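**Student:** Sequence first, predicted model second:
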Amino acid sequence: MRLGIFGGTFDPVHVGHLVVAVNARHTLALDRVLLVVANEPWQKVGNRPVTPAEDRLAMVTAAVAGHPGLEASTLEIERGGLSYTADTVEQLADEHPGAELFLLVGADVVASLDSWERIEAIRGLATLVAINRPGTEMVELGANGPLSGWRALAIEVPDLEISGTDLRDRARTGRPLDYLVPEPAIRVIRSRRLYAERG
């Protein structure tokens, strides 16, 4: 099995996330792509309030419903505490012996990989897939590049510049989310009054 791992805060999930997932699945012939919803994203703790994990999971679950090969993963939420990619990759390797794991990350993240917890565990278990945007410089994969020592690939997906900050502000102020956030996820946002101003 070829399994894609696409982790994130998904606060909220938007069409750019789905574009990455469906294009990676197609380009790499992945059997499944897991959209792994972070429980407590370690990079964001203390930087800004993060929507409760169960609400973010509900949005992702709604967004991927009916999309073959895309799945919302509860793995990090069930584990609890801070979410680290190394723990997730190790758990998936244990649960799916023999599977090929592909970790999808934005090309902009590659330069900061050395700051991740237990990066060597990830390097040993997964192929890193750098997601490039058209018009940006492709990640160098050679021996002198930032991914030297990795099993690494680079793919290009359509560039949709969508800001989570802008989406949260749109939801808060009642501006349209249409065509930016999948319609089923918009329904979750509205029914749960996510991002609404708290009185």
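**Tutor:** Yep, it's here. Residues are numbered from 1 along each chain as shown.

**Student:** shouldn't Gly106 be in contact with Ile131?
**Tutor:** Yes - contact criterion CB atoms under 8 Å: Gly106 and Ile131 qualify, at 5.2 Å. Bear in mind the C-beta positions are built from the backbone N, C-alpha and C, glycine included.

**Student:** So for the two, which sits in the more crowded spot?
**Tutor:** Ile131 (22 against 14; other CB atoms under 10 Å).

**Student:** That one falls within a strand, correct?
**Tutor:** Yes - Ile131 sits within a strand when classified using DSSP: H, G, I helix; E, B strand; the rest coil.

**Student:** hang on, it packs against Val20?
**Tutor:** Yes - with contact defined as CB under 8 Å, Ile131 and Val20 form a contacting pair (5.6 Å).

**Student:** what do the two both touch?
**Tutor:** The contact sets of Ile131 and Val20 overlap at 104, 157 (CB atoms under 8 Å, 6 or more residues apart in numbering).

**Student:** Not counting its own residues, what contacts the lengthiest helix in the chain?
**Tutor:** Criterion DSSP state H: the longest helix present in the chain is helix 15-28. Applying CB under 8 Å, 6+ apart, the contact partners of helix 15-28 are 2, 4, 6, 8, 10, 30, 32-33, 35, 63-64, 67, 69-70, 102, 104, 129, 131, 153, 155, 157-158, 160-162, 179-182.

**Student:** Show me the contact partners of the helix or strand of the chain with the lowest mean pLDDT.
**Tutor:** Every helix and strand in the chain was compared by mean pLDDT, DSSP states H and E; the lowest is strand 40-41, with a mean of 88. Contact with strand 40-41 is made by 8-9, 50, 53, 81-83, as judged by CB under 8 Å, 6+ apart.

**Student:** Sheet partners, orientation included, of that strand?
**Tutor:** Strand 40-41 has the following strand partners under DSSP bridges: strand 82-83 (parallel).

**Student:** what distance separates the strand it pairs with from the middle of the whole chain?
**Tutor:** 14 Å (CA atoms, centre = their mean, to the nearest Å).

**Student:** which residues in the chain form strands?
**Tutor:** Secondary structure of the chain (DSSP state E): strands at 2-8, 32-37, 40-41, 70-73, 82-83, 100-106, 126-132, 152-156.
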